[in-house]
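Participant: sequence first, then the predicted structure, then my questions.
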Amino acid sequence: MSRTVTRIRLATVAATASVAVLAGCSSPAPSGKATAASCTPAKGKVTLQYWNTVPGMDQVVALWNKKNPNIQVETKNISNDQYGTLGNALKAGKAPELAQVGYDELPSLRTQDAFVDASACSEATAAKSKFVPWTWSQTSFGGTGVFALPQDTGPMALYVRSDIFKKYGLAIPKTWDEYAADAQKLHKADPDLSITFFDPNNAEWFNGLLWQNKAEMYSYSGGKWHVTVESEQSKQVAEYWQKLINAKLVRTDLAHGSTQMYAAYLKDQIATYVGAAWGYSMFRDNLPKQAGKWTIVPMPTWGSNDASGDWGGSTVAFMKGDKHLYESVKFNTWLNTDPEALALENKLGGLYPAANAGLTLPALSKGVPYYNNEKIFDVFADSSQHIDTNFAWGPTQKTVNLALQDAMAKAAAGNGPLTGAISAAQAAALKSMKDQAIPATAGK
């Protein structure tokens with residue numbers, strides 16, 4: 001969900017991760033019941049509004065406008081206050097036809113009846129086969145309609161300073177147990193060297209770790225949400241990182257994307273980075289002197305399970321009040337599946353495409369000079385294929401994330417364990433749903 005440094009968008013660190021509503025669940029959320037709108041073409045020239053946070057998107061839109069004189073698109077960058085701006089427009093009845101929405105924000109906005117169902121347009125429903133499966137299940141709310149088209153994703157992997165690993169004779173870790181062992185060896189060899197950092201104010205990143213361990217946080221059945229944030233899988237992840245924190249094997253004083261974070265990497269104080277596909281440009285652009293020293297490998301796994309996680313990513317949603325749905329679908333489909341558009345979005349905005357066609361773009365099929373000419377996007381493509389499609393975001397995810405971050409910050413400071421943060425997030429989910437009269441219960 002994020003290009004965190006260059007875009008600052010996915011909710012808290014740049015917030016979006018990592019992704020949306022009833023992914024693969026059998027029933028829709030009980031509120032926000034948008035009905036399929038008419039898909040009749042306009043009789044004359046149409047101008048659409050598309051609001052987003054992507055650098056260079058104006059150039060992508062210009063390419064469309066040049067080719068489609070009767071369907072013109074005006075783009076507005078709302079990166080300074082993405083959801084505040086969009087929320088105010090919805091309240092005023094002046095929302096754009098199309099808007100960038102993070103996967104994890106879709107459930108919340110749906111409870112506000114923010115979307116229109118585009119399933120009346122055959123081109124919209126036919127687009128399903130063009131996207132990585134888990135992304136479609138999120139934007140269609142478990143197959144109940146077409147409320148958005150996937151745009152980009154944040155499949156996770158491990159960034160490794162190969163020169164540091166070589167210096168200390170370490171093999172690339174394939175499991176989290178091996179990763180912890182490497183952390184101990186590195187710190188023992190050099191007390192100023194940590195294997196990575198744990199940012200307690202980054203719920204989206206932590207959610208990606210939970211996702212990898214199949215910690216399904218929500219499901220919907222029987223007319224209510226079932227909240228399982230406090231699962232055994234979640235506790236396992238929390239306990240793992242708690243041990244690293246207690247042993248002082250990871251830094252807890254760095255914020256993701258901060259000047260201090262880059263300084264630590266520049267000073268060779270941190271040897272790896274657990275991140276998403278969009279992070280490749282982050283290191284390239286901010287640490288140019290370390291070119292050739294980084295490699296990207298699959299995420300360490302929990303035993304033999306090769307599952308991966310997602311951190312961030314966005315959709316382009318069909319917003320309530322859209323009177324030109326036919327034209328909106330035409331543009332939205334082109335924007336997120338056309339190879340020329342996808343290549344430009346990757347080049348200018350760092351987007352890692354959700355479309356299957358995007359995974360085979362020439363730019364994503366060759367070696368990247370900064371990473372010693374390694375084909376790093378092959379790693380992310382493989383990661384994307386191992387992301388659990390059953391993972392779901394809840395309808396009050398932002399509130400839950402804030403509660404999780406607050407508790408994680410306390411834990412990182414020595415005030416309680418990280419498992420307490422999981423419990424706090426569970427309690428926040430149930431309370432926030434109750435406060436909004438959303439039927440919910442603890443457990444499956």
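Facilitator: Thanks, I have it.
Participant: over to Q233. Which of the three states is it?
Facilitator: Following DSSP: H, G, I helix; E, B strand; the rest coil, Q233 is assigned to helix.
Participant: surely it touches M217?
Facilitator: No. Q233 lies out of contact with M217 (C-beta atoms under 8 Å); the separation is 9.7 Å. Glycine gets a C-beta too; all of them are placed from N, C-alpha and C.
Participant: looking at the two, which is more packed in?
Facilitator: In this view Q233 and M217 are compared by other C-beta atoms under 10 Å, and M217 has more residues nearby, 25 against 17.
Participant: related to what we said a few turns ago, touching both of Q233 and M217, which residues are there?
Facilitator: Common neighbours of Q233 and M217, counting by C-beta atoms under 8 Å, 6 or more residues apart in numbering, are L210.
Participant: where does this structure dip in pLDDT?
Facilitator: Scanning the chain for pLDDT under 70 picks out 1-37.
Participant: longest strand in it, please.
Facilitator: strand 148-161 (DSSP state E).
Participant: middle-most residue in this structure, spatially?
Facilitator: Residue closest to the mean C-alpha point of the chain, counted by C-alpha atoms, centre = their mean, is G312 at 1.2 Å.
Participant: and the strand or helix carrying it with strand 148-161, angle?
Facilitator: Using DSSP states H and E, G312 sits within strand 310-318. Put simply, strand 310-318 runs at 160 degrees to strand 148-161, going by axes from the mean of the first three to the mean of the last three C-alpha atoms, to 10 degrees.
Participant: hey, C-alpha coordinates of strand 310-318 in CSV?
Facilitator: Extracted in CSV, the C-alpha atoms of strand 310-318 (Å, rounded to 0.1, in the frame of the first residue of the first chain):
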residue,chain,number,x,y,z
ASP,A,310,1.4,-7.4,1.9
TRP,A,311,2.1,-3.9,3.1
GLY,A,312,0.2,-1.1,1.3
GLY,A,313,-1.3,-0.7,-2.0
SER,A,314,-4.3,1.2,-3.4
THR,A,315,-7.4,0.9,-5.6
VAL,A,316,-9.2,3.4,-7.8
ALA,A,317,-12.7,3.5,-6.5
PHE,A,318,-16.0,4.4,-8.2
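Participant: follow-up on the earlier one: the residue nearest to the centre of the chain against E105, yeah?
Facilitator: No. Using C-beta under 8 Å, G312 is not in contact with E105; the gap is 11.6 Å.
Participant: for the strand holding G312, packing partners?
Facilitator: Where contact means 3 or more C-beta pairs under 8 Å, 6 or more residues apart in numbering; DSSP states H and E, strand 310-318 is packed against strand 98-102, helix 106-111, helix 133-139, strand 148-161, helix 203-212, strand 272-276, helix 325-337.
Participant: for it, which strands pair with it and how are they oriented?
Facilitator: Strands that pair with strand 310-318, judged by DSSP bridges, come out as strand 98-102 (antiparallel), strand 148-161 (antiparallel).
Participant: for the longest one, the distance to its chain's centre please.
Facilitator: For strand 148-161, the distance between its averaged C-alpha position and the chain's averaged C-alpha position is 7 Å (C-alpha atoms, centre = their mean, to the nearest Å).
Participant: the shortest one now?
Facilitator: A distance of 13 Å separates the centroid of the chain from that of strand 98-102, by C-alpha atoms, centre = their mean.
Participant: what's the angle between it and helix 203-212?
Facilitator: Counting by the same axes, to 10 degrees, strand 98-102 points 70 degrees away from the direction of helix 203-212.
Participant: would you mind writing the CA trace of strand 98-102 as CSV?
Facilitator: Output of strand 98-102 as CSV, limited to C-alpha atoms (Å, rounded to 0.1, in the frame of the first residue of the first chain):
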residue,chain,number,x,y,z
LEU,A,98,-12.8,8.2,-9.3
ALA,A,99,-10.5,8.3,-6.3
GLN,A,100,-7.5,6.5,-5.0
VAL,A,101,-8.4,4.5,-1.9
GLY,A,102,-6.1,2.2,0.1
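Participant: can you pull out the helices in the stretch 1-150 of the chain?
Facilitator: Secondary structure of the stretch 1-150 of the chain (DSSP state H, counting those that start in this stretch): helices located at 4-7, 57-67, 82-91, 106-111, 122-126, 133-139.
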